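K.L.:
Build me a model from this:
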Amino acid sequence: MDAYVEKDAVEVGDDGRRPPEDPPVAPPETPGAAPETPVTAPEHSGATPGAEDGKGAKGAGNGSGVGIMALSLPYQVVAAVALGVVGVFACVHLAMVFLHVAPSNTLTKRHGEVVDDWIYPEFEQNWKLFAPNPLQTNVALEVRVELAPAADGGRRTTGWVDLTAQDIEAIQHNPIPSHSQQNQLRRAVDFYTNTHNDNGRSNGLRGDLSEQYMRRLVMLRLDALEGPDGRALGPEVRRIQLRTVSRPVPAARWSTEKSRSTPSYRAFPWWTITEADRSSGAGASRTEAGR
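P.N.:
Model prediction:
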């Protein structure tokens with residue numbers, strides 16, 4: 001017991017403090033070994049940890065965006081103007097289609113020509129709002145031709161050629177047929193019948209214009225056909241006659257609706273073909289009109 005007390009007394013000096021301990025003895029270095037590099041703790045500035053990362057993330061957020069906001073200011077203006085133009089066009093188009101299919105009202109009576117100019121021919125709608133009335137008759141346009149006299153002076157007249165059937169055949173094998181191609185003949189017939197009375201007499205200048213349009217349209221089709229002698233039919237044409245053939249669409253098998261099955265015909269008068277009615281003459285007349 002006294003030995004332990006003596007030892008403690010020796011370790012604690014007279015002033016009550018312990019003497020400094022001996023420095024630790026470094027282990028002997030191994031020959032050929034690389035000296036160890038002391039590792040120093042990184043010095044920290046007064047900034048809060050993560051402040052720089054937060055600042056970088058904030059800066060990155062200011063330069064990025066989603067959709068139109070990711071573009072620069074000039075491109076944002078262009079994109080906004082383009083979207084505005086598309087939106088206005090869509091609204092105007094929907095309004096025109098609505099007025100076209102809606103029942104007769106004050107707006108359609110006052111601005112009917114503006115609506116028709118917008119709709120025809122590309123956006124034509126063959127139905128009416130609140131009163132659908134689809135076509136129940138297939139109308140075909142046929143033509144027969146009086147050719148130049150033969151060598152013996154005899155008159156030559158062809159049989160009836162179905163122009164509508166030619167259009168249908170071309171459309172059936174075309175994945176993206178033109179809207180004008182599908183309705184050109186039908187609209188031409190409507191133009192003629194709306195400007196002529198039941199006796200075939202013109203109602204005015206529009207009637208004369210419809211006759212001229214019909215002759216030129218038919219001649220464009222005849223130029224692509226071959227005559228009896230194997231040559232192009234167009235140059236041999238002297239007169240043409242048109243007729244419409246209306247064939248009712250048959251009712252469904254399960255329907256009890258009664259409809260006639262025989263076609264009806266409406267023949268137009270014979271028209272003499274002039275050089276202005278031919279494709280080359282029509283082009284020359286348009287050129288002269290534009291001078």
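
K.L.:
what's the one helix or strand Asp190 maps to packed up against?
P.N.:
Here Asp190 is covered by helix 179-194, with elements defined by DSSP states H and E. Here helix 179-194 touches strand 137-147, helix 163-172, helix 205-222, going by 3 or more C-beta pairs under 8 Å, 6 or more residues apart in numbering; DSSP states H and E. To be clear about C-beta, it is placed using only N, CA and C from the backbone, and glycine gets the same treatment.

K.L.:
Need the contact partners of it.
P.N.:
Identification of contacts with helix 179-194 by C-beta atoms under 8 Å, 6 or more residues apart in numbering yields 120-122, 124, 139, 141, 163-164, 167, 170-171, 207, 210-211, 213-214, 217, 244, 268.

K.L.:
Likewise for stretch 204-211?
P.N.:
The contact list for stretch 204-211 (C-beta under 8 Å, 6+ apart) reads 188, 191-192, 195-196, 201-202, 271.

K.L.:
Is it possible to get TSV of these that adds pLDDT, neighbour count and distance to Asp277?
P.N.:
Converted to TSV, the contacts of stretch 204-211 look like this (pLDDT from 0 to 100; neighbours: other C-beta atoms under 10 Å; distance: C-beta to C-beta, whole Å):
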residue	pLDDT	neighbour count	distance to Asp277
Ala188	91	18	14
Phe191	91	17	16
Tyr192	92	21	15
Thr195	91	17	18
His196	89	17	18
Arg201	85	9	20
Ser202	87	15	17
Trp271	93	16	8
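
K.L.:
JSON lines please, covering the residues you listed and showing distance to Gly67.
P.N.:
Formatted as JSON lines, the contacts of stretch 204-211 follow (distance: C-beta to C-beta, whole Å):
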{"residue": "Ala188", "distance to Gly67": "48"}
{"residue": "Phe191", "distance to Gly67": "48"}
{"residue": "Tyr192", "distance to Gly67": "53"}
{"residue": "Thr195", "distance to Gly67": "53"}
{"residue": "His196", "distance to Gly67": "58"}
{"residue": "Arg201", "distance to Gly67": "63"}
{"residue": "Ser202", "distance to Gly67": "59"}
{"residue": "Trp271", "distance to Gly67": "61"}
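
K.L.:
picking that back up, off-centre distance for the helix holding Asp190?
P.N.:
Computed by C-alpha atoms, centre = their mean, to the nearest Å, the chain-centroid distance of helix 179-194 equals 23 Å.

K.L.:
Stretch 201-216 now?
P.N.:
The answer for stretch 201-216 is 34 Å, by C-alpha atoms, centre = their mean.
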